[in-house]
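[1] Got a sequence here, can you build the structure:
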Amino acid sequence: MSLSSIFNVAGSGMAAQSKRLSTVASNLANAESVASTPEAAYRAREPLFAAVQKQVAGAADAATVGVRVAGITESQAAIPSRYEPGNPMANADGYVYASNVNPVDELVNMISASRSYQNNVEVMNTTKQLMVKTLSLGN
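    Next comes the predicted model:
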């Protein structure tokens, strides 16, 4: 792997973690939302990552060259219901259906995604420093 391809790998990791942070923000923004039916209630979302591989010439196996977001999955956890007959979103029986977002899990995901993003930034900075040092060897 050349030094310049490290930027592609770290960049794809940063893009993936950025998408993860966006889904966490969306989940937290909708954590307290309610609906009149379980089907209409907000479900927590999470990105699904996949390794991007490239066949190396003459090699028997593929080399990993990054990560991509393969899709967004929705949580299949139960949708909680609450009896709130005064709520304008309540159904005929007086129930509202809340989102299945767990704010604690989302905060853990946010910290993890942020640290992964920072690690990829550090990889890029270290690679840049190595390239500059390599170029200055001839002086």
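[2] Point me to the helix or strand that includes Leu135.
    Leu135 belongs to helix 103-136 when assigned by DSSP states H and E.
[3] Show me what that helix packs onto, helices and strands only.
    helix 3-29 (3 or more C-beta pairs under 8 Å, 6 or more residues apart in numbering; DSSP states H and E). Placement of C-beta: from N, CA and C, glycine included.
[4] Now the longest strand seen in the chain: buried residues?
    Longest strand of the chain, by residue count under DSSP state E: strand 62-74. Across strand 62-74, burial judged by 16 or more other C-beta atoms under 10 Å covers Gly66, Val67, Val69.
[5] pretty sure the second one contacts Phe49?
    The reference is to Val67. Yes - at 5.3 Å, Val67 and Phe49 qualify as touching, with contact defined as C-beta atoms under 8 Å.
[6] Paired strands for the lowest-mean-pLDDT helix or strand in the chain, with orientation please.
    One helix or strand of the chain scores below all others by mean pLDDT, DSSP states H and E: strand 62-74, with a mean of 85. Applying DSSP bridges, strand 62-74 is found paired with strand 45-55 (antiparallel).
[7] from the chain's centre, how far out does the strand it pairs with sit?
    Here the centre of strand 45-55 is set off from its chain's centre by 11 Å, with C-alpha atoms, centre = their mean, to the nearest Å.
[8] Relative to Gly66, how far out is the closest residue to Ala70 other than its chain neighbours?
    Nearest non-adjacent residue to Ala70, counting by C-beta to C-beta, 6 or more residues apart in numbering: Ala50, 4.0 Å away. Counting by C-beta to C-beta, to the nearest Å, the gap from Ala50 to Gly66 is 10 Å.
[9] same question, Leu28
    28 Å.
[10] low-scoring stretches of the chain, by residue?
    Per-residue confidence for the chain (pLDDT under 70) gives these ranges: 1-3, 55-64, 139.
[11] Show me the residue at the heart of it, geometrically.
    Arg20 (1.6 Å; C-alpha atoms, centre = their mean).
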